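**Student:** A structural model of the following input is requested.
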Amino acid sequence: MEGSRSETSAAEGSEEIVYTSVKFSQTPRRRAKAGLEGRAPCLWPAVVLGLAISFGILSISLATALIWKMSDSHPRCPEQWIAYRGSCYSFSKEKKDWNSSRESCRAQGAHLLVISDTGEMDLFKSIQTECFWIGLRNSTDSGWIWEDGSVFTGTKFLSNSPVQHCAVLMKDHFQASSCEHLVPWICEKSLR
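**Tutor:** Modelled structure (predicted):
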């Protein structure tokens, strides 16, 4: 039996060797994998740097295009016009009747002044010193109507005669006038 025990021990020993050799054959694979993991972080700085440079160039290009587009389409008033709260205003130096004044504004892509709120009224009180035609006219059917079609809802203004159907803006109030008087005018158009 001793002889068979030694054969069994030898067989058991060889199994351990095979088992051990299997462990050793897997160890080089781990080292190979560890070697790849060791190289991968070395690639990241180059990839990140390339992406950062690309993103930077793209950002600069988009910013430049946006600035160019904005400067090209920035709304401006024509020369000699005054900009205020999204509108452009022109004060004439010559004098015409109300209808001719309205036509002059229309020829410039504008309309006679329509005062839409007290802030705008305060602006014109502070700027002008004489009277100007504005886009307000008395319609016998509807009362005083602005050029944009809205109804005048402010306080009443002076009228000395039933033939006074057009309005002028004086220093701080509206006044009815004959549409045939020769008066300077104020044109208004949207800021473009």
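**Student:** which strand runs longest in this structure?
**Tutor:** As assigned by DSSP state E, the longest strand anywhere in the chain is strand 132-139.
**Student:** please parse this structure into its domains.
**Tutor:** 1-74, 82-190 (automatic domain parsing).
**Student:** what mean pLDDT does the last one have?
**Tutor:** With pLDDT averaged residue by residue, domain 82-190 scores 86.
**Student:** now the end-to-end length of that domain.
**Tutor:** End-to-end distance for domain 82-190, by C-alpha to C-alpha, to the nearest Å: 11 Å.
**Student:** going along the chain, name the strands of the chain.
**Tutor:** Using DSSP E, strands in the chain cover 82-84, 87-91, 111-112, 132-139, 143-146, 166-169, 174-177, 186-190.
**Student:** winner for burial among those strands?
**Tutor:** A comparison of these by mean neighbour count, using mean count of other C-beta atoms under 10 Å, puts strand 166-169 on top with a mean of 25. No exception for glycine: its C-beta is placed from N, CA and C like everyone else's.
**Student:** now the strands of the chain in CSV, please, with extra columns for distance to residue 102.
**Tutor:** Formatted as CSV, the strands of the chain follow (distance: least, C-beta to C-beta, whole Å):
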stretch, distance to residue 102
strand 82-84, 19
strand 87-91, 13
strand 111-112, 5
strand 132-139, 7
strand 143-146, 12
strand 166-169, 9
strand 174-177, 14
strand 186-190, 9
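**Student:** which one of these lies closest to residue 126?
**Tutor:** For residue 126, the closest of the strands of the chain is strand 82-84, at 11.2 Å, according to C-beta to C-beta.
**Student:** contacts for that closest one next, please.
**Tutor:** By C-beta atoms under 8 Å, 6 or more residues apart in numbering, the residues outside strand 82-84 that reach it are 76, 77, 88, 89, 90, 91, 120, 123, 127, 191.
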